[in-house]
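Q: my questions concern the predicted model and sequence given below.
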Amino acid sequence: MGKWFGEFGGQYVAEVLKPALLELENAVSTIIPSKSFQDTYAAMLLEYVGRPTPLYFAENLTRQLGGAKIYIKLEGLANTGAHKINNALGQVLLARTMGKRRVIAETGAGQHGVAVAAAAAKLGLSCEVYMGEIDVQRQQPNVFLMRQFGASVKPVADGTRTLKDAVNAALKEWVRDPDTTAYVLGSALGPYPYPDMVRGFQRVIGDETRRQVLDQTGRLPSELFACCGGGSNAIGIFTAFLDDPVRLTAVEAGGTGNAPGEHASRMNGLSKTGIVEGYKSYFLQDDDGQIQPTHSISAGLDYAGIGPELAELGRTGRVVFTSARDGEVLAAFQQTARSEGILFALESAHAAAAAFKKVPHMDKNDSIVIHMSGRGDKDLFITAGALYTEEWAKFLRQEADRLERQAER
Amino acid sequence: MIEELQKPDYKPIPIMGHLVAGYPDREGFTAACRAMADGGIEILELQLPFSDPTADGPLNTEAGETALRNGFKMRDLPSYLDTVKAGGFDEIHIMTYANILYRQGMKAFVDNLDDVGVTGIIIPDLPLEDEEGFYAYTADKRIDAVPVVIVNMRSDRADLLKSLPVSRCYAALRQGVTGTRTIVEDKQLQFLDSLENLRVYAGFGITSREQIEALRGHAHAAVVGSYFTSIIREAARPGVNDDDSDSRTDAIYQKVKVGARKLSEPESGR
Ligand SMILES: Cc1ncc(COP(=O)(O)O)c(C=O)c1O
């Protein structure tokens, strides 16, 4: 805990960013533990986020797969549709308490952006969200939602035009005006104190899950499965179980293959230690140290780095890493929809895909928990496009025509 | 004007011009480098492109991306250094980001650059603490670590700087990223004056002779970066001399030289 996780983590930033980070460090250690902050935050988690989120026994999937009992942590039922709101609300509340007037954020899939925009709307701060141009294109529904919450979305044209470039852009904007602005980072990464603070706001997921699973089954599960982009949902559900005899499996984006640019699996030996975006961790990079492009069917896992705490937990073997290919992810997405009437976000469907491979080989007396970190409504344009390509293309053309005709009238 | 310059009490402050290796391309870089030297720039800051440059403004970010897209590799560095030296620069600083050094190994990177005519290494995202041995590796070498500090940094941070075994530092004249204009005022100058015993390179948003004059007596050199990137970008813009690389290179040379002279020569009528 703290600034370092083994050799990973740290605060590798330019001197210009130091004052802002030192101010934030101070706020994290004085404001967050205060009773008034904790009371306000707890009330909002209850009434606004809708906590606790259910732990659901997936009876049909359990029967079909014929192995361990499958439980799903339905974090996607949280307001705004993903675990991201726990952290967004915490950081925006902190920003307001610190007297900031404006929050800025980066977003990949758009879920963190939507959560920050909602929290800023609720708490009365202005909000700007930086988003890679490619993500803006593939996650239009979330761009729309952010705008509805009054945020302005800033497309980022730098670099690979995805999440890492959005992080860079947001950092630069923060340096420009750190006095009135707070930077709300969306995953358990970046310079200290972010990885520590984000885990602090997300660990509620695991604390709840542990209570719920003990209530419902009388014992601990044998394994947890969570998807892993930057790592906030994974560290969020894992933290409460770190000292338990529970296998913790993090599932990375296997994409379409193992060549550079085809995946975002950092923990399978393809990455190297590096210092990027303010922290030391494993990064997908070439021999010169240039960050490589990544690919995933899910924008939220499409990132070349991994949070420092998970990097260390992976190095020591406490967390086991695996990956799921795009095709397996789509199949898992369909299977949970058909069997249980539950729509997984594509990110979370990575966790389901890995679990479904393992469960049939497990004992019937065992139980496992799959973390559904988000729900899949936001992915409509990707899933429909992938599963019903022609029909969907036809629909989109018709809609475009209809809107044009409407505009002409 | 010439007579003015030769007045014994007139000592213009040297300028450290900044170029991104590989930008706008190999030939364009060479032309810009020669033009800077011919335009009176005395010190060269050679930036090695990095994919995730958190302290660069939009112009230098784009320049670095262009260089990488054109295929810049670290193994090209010796050839770029040759170009810079051939331009007549005898004080050269390498600027890049921590990951580039970390990948090669901090020590190996420092060793490789020692004794090849490089004066200093500038790494903005390597903090004064947690510096991966950078200051120790450079301490007994001819090459110097050049920490980056900011005007009016907290006193505990300034003390940290004073505790380092360094003889030079790069002072950012304001917060923010590179590429926007800075007004040089007393508070910046007082801070520069407080950096006793260090050779101070002061920059960020320097685009005019007036700003450079204001630094005289307070800094060892004025750093000028985005100003040149912007000139090169304009001269190398697609659509300008596209299919005639000679005249494109020539345009870069001419414009950079004029731009350099504007900064390096005292204003006419002084
Ligand atoms: C639903 C969902 N799950 C997971 C992630 C990946 O982020 P992290 O690894 O920080 O949980 C995202 C990111 O946008 C997301 O939207």
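A: Arrived safely, thanks for sending.
Q: how about B:Leu128, phi and psi?
A: Phi and psi for B:Leu128, reported as degrees, to the nearest 10, are phi -60, psi -30.
Q: hmm, it is touching B:Ile150, no?
A: No. The pair B:Leu128 / B:Ile150 is not scored as a contact, 11.0 Å apart, by CB atoms under 8 Å. All C-beta spots, glycine's among them, are computed from the backbone N, C-alpha and C.
Q: looking at the two, which is more packed in?
A: Between B:Leu128 and B:Ile150, counting by other CB atoms under 10 Å in any protein chain shown, B:Ile150 is the more crowded of the two (24 against 21).
Q: for the more buried one, name its beta-bridge partners.
A: Assessed by DSSP bridges, B:Ile150 has beta-bridge partners B:Ala172.
Q: return every residue with contacts to both of B:Leu128 and B:Ile150.
A: A:Glu15 (CB atoms under 8 Å, 6 or more residues apart in numbering or on different chains).
Q: for burial, what's the neighbour tally of A:Asp243?
A: Neighbourhood size, A:Asp243 [other CB under 10 Å]: 8.
Q: make sure A:Glu399 is indeed in a helix.
A: Yes. The assignment for A:Glu399 by DSSP: H, G, I helix; E, B strand; the rest coil puts it in a helix.
Q: and the gap between it and the ligand?
A: Using CB to the nearest ligand atom, to the nearest Å, we find A:Glu399 at a distance of 25 Å from the ligand.
Q: ok, now B:Ala145?
A: Taking CB to the nearest ligand atom, one finds B:Ala145 at 35 Å from the ligand.
Q: measure the nearest residue to that residue once chain neighbours are set aside to chain A for me?
A: Closest residue to B:Ala145 apart from its sequence neighbours, by CB to CB, 6 or more residues apart in numbering or on different chains: B:Thr138 at 4.1 Å. Distance, B:Thr138 to chain A, using CB to the nearest CB, to the nearest Å: 17 Å.
Q: mind listing residues that contact the one helix or strand B:Thr138 maps to?
A: Here B:Thr138 sits within helix B:134-139, counting by DSSP states H and E. Outside helix B:134-139, the residues within contact range by CB under 8 Å, 6+ apart are B:101, B:106-107, B:110-111, B:121, B:123, B:126, B:144-145, B:147, B:164-166.
Q: hmm, try it at 7 Å
A: B:106-107, B:110, B:126, B:144-145, B:164-166 (CB atoms under 7 Å, 6 or more residues apart in numbering or on different chains).
Q: so which of those are in strands?
A: Using DSSP state E, the members of these that fall in strands are B:144-145.
Q: buried ones among the contacts of helix B:134-139?
A: Among the contacts of helix B:134-139, those classed as buried by 16 or more other CB atoms under 10 Å in any protein chain shown are B:106, B:110, B:126, B:144-145, B:164, B:166.
Q: what is the neighbour count of the closest residue to A:Ala188 other than its chain neighbours?
A: Distances taken as CB to CB, 6+ apart place A:Gly307 nearest to A:Ala188, at 3.9 Å, with adjacent residues excluded. Burial of A:Gly307 is recorded as 30 neighbouring residues (other CB under 10 Å).
Q: now swap in A:Leu403 and tell me
A: By the criterion of other CB under 10 Å, A:Leu403 has 10 neighbours.
Q: look at A:Pro323 and give its secondary structure.
A: Rather than Pro, residue A:323 is Ser. Following three-state DSSP, we place A:Ser323 in the strand state.
Q: packing partners of whichever strand or helix holds A:Val143?
A: For A:Val143, the host element (DSSP H and E) is helix A:140-148. Applying 3 or more CB pairs under 7 Å, 6 or more residues apart in numbering or on different chains; DSSP states H and E, we find helix A:140-148 packed against helix A:111-123, strand A:152-156, helix A:380-387.
Q: so where's the stretch 1-150 of chain A shaky on pLDDT?
A: A:1 (pLDDT under 70).
Q: in it, which residue sits closest to chain B?
A: A:Ala14 (4.4 Å; CB to the nearest CB).
Q: residues from chain A in reach of the ligand?
A: Within chain A, the positions adjacent to the ligand are A:82, A:84, A:108-109, A:111-112, A:187, A:227-234, A:300-301, A:345, A:347-348, A:373-374 by CB under 6 Å from any ligand atom.
Q: go with 5 Å
A: When proximity is defined as CB under 5 Å from any ligand atom, chain A approaches the ligand at A:82, A:108-109, A:111, A:187, A:229-233, A:300, A:345, A:347, A:373-374.
Q: can I get the helices and strands packed on helix A:140-148 in CSV with mean neighbour count?
A: Below are the helices and strands packed on helix A:140-148 laid out as CSV (neighbours: other CB atoms under 10 Å in any protein chain shown):
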stretch, mean neighbour count
helix A:111-123, 27
strand A:152-156, 18
helix A:380-387, 16
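Q: who touches the helix holding A:Val143?
A: If you take CB under 7 Å, 6+ apart as the criterion, helix A:140-148 is touched by A:109-111, A:113-114, A:117, A:129, A:136, A:153, A:378, A:380-381.
Q: out of the buried ones among the contacts of helix B:134-139, which are inside helices?
A: Among those, the members falling in helices (DSSP state H) are B:106, B:110.
Q: and which of the buried ones among the contacts of helix B:134-139 is nearest to the ligand?
A: B:Leu126 (26.2 Å; CB to the nearest ligand atom).
Q: where's that closest one relative to chain A, distance?
A: 7 Å.
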